[in-house]
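A.B. asks: show me how the following folds:
(one chain, ligands or ions: 1)
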Amino acid sequence: MISKPVFFSENVESIKLKQLKKYKAVLIDVDNTLTKHHERKLTKEKKYWIESLVNSGKKVALASNTSKKRAKILSEKFGMDVFVAYKPFPLAIKKWIKKNGYKKSEVVMIGDQIFTDHLAAIFANIDSVLVKPITNKDFIVTRLISRRLEKIIYNLWSK
Ligand SMILES: [Mg+2]
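C.D. replies: Numbers count the residues shown, from 1 in each chain. The predicted structure is shown next:
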C-alpha cells in the first residue's frame with residue numbers, strides 16, 4: 001500500500017506557512033497544481049501564496065515534468081528555482097536536493113498527482129503534500145489511467 005502524504009489540501013493557497021515550518025525547501029508541481037495546462041498566469045491567490053512562501057526564506061523550486069519554458073517564466077517572475085523532475089523517477093529530485101545541500105527531511109513536494117508527484121516523493125524519500133487538481137482536464141493517459149487508479153487509492157486512504 002502506498003503511504004499517505006503528510007497532509008492533503010484543497011489547493012496550494014490553503015496551505016499555511018506553519019504547516020510547512022519543518023521544511024527548508026519546497027518543491028512544487030506546475031500543471032494542475034499552480035496553473036491549468038498551457039497557462040502562464042497565476043491567480044491572485046496563488047501569486048500571494050508563492051510570494052509569502054518565497055519571502056519566508058524557504059527555497060522554492062518548480063519541479064515540473066512538462067514545458068520547462070513555461071515553468072521558467074513563472075519561476076523567474078517569483079524568484080524560484082526550476083528543474084525538469086521526470087516524476088515519478090526520483091533522480092532529478094535527489095540531484096537537486098544534493099546540489100542545494102539539504103537533508104531529505106528538510107524538503108517537501110507539493111503536487112496534485114499520486115502517480116507522479118507523490119510517488120516521486122516516496123522514491124526520493126521526502127515528504128509530500130497532495131492538493132486537488134485545479135481542473136479535471138489532464139493529458140489523456142493521466143485521465144484514463146492515473147486518475148482512475150487515484151480514486152482507488154483515495155478510497156483506501158479514507159478507510
Ligand atoms: Mg500536476
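A.B. asks: contact partners of the lowest-mean-pLDDT helix or strand in the chain?
C.D. replies: Least confident helix or strand, the chain: helix 140-141 with a mean of 72, by mean pLDDT, DSSP states H and E. Residues external to helix 140-141 that are found in contact with it (Cβ atoms under 8 Å, 6 or more residues apart in numbering): none. From N, CA and C alone the C-beta is placed, and that goes for glycine too.
A.B. asks: wait, does that helix contact the ion?
C.D. replies: No: Helix 140-141 is not in contact with the ion by Cβ under 5 Å from the ion; minimum separation 12.9 Å.
A.B. asks: go on, stretch 77-88?
C.D. replies: No: with Cβ under 5 Å from the ion as the threshold, stretch 77-88 lies outside contact range of the ion, at a closest distance of 8.7 Å.
A.B. asks: then stretch 55-65?
C.D. replies: No: when contact is scored as Cβ under 5 Å from the ion, no part of stretch 55-65 falls within range of the ion; the minimum is 7.7 Å.
A.B. asks: for the residue in the chain sticking out farthest from the centre, what are its contacts?
C.D. replies: When distances are taken from the C-alpha mean of the chain, Lys159 lies farthest, 24.7 Å away, according to Cα atoms, centre = their mean. When contacts are counted by Cβ under 8 Å, 6+ apart, Lys159 touches no other residue.
A.B. asks: what's the first helix or strand after the least confident helix or strand of the chain?
C.D. replies: helix 147-157 (DSSP states H and E).
A.B. asks: report the buried residues of that next one.
C.D. replies: When neighbours are counted by 16 or more other Cβ atoms under 10 Å, the buried residues of helix 147-157 are found to be 147, 150.
A.B. asks: then stretch 14-29?
C.D. replies: Buried, per 16+ other Cβ under 10 Å, within stretch 14-29: 15, 20, 23-29.
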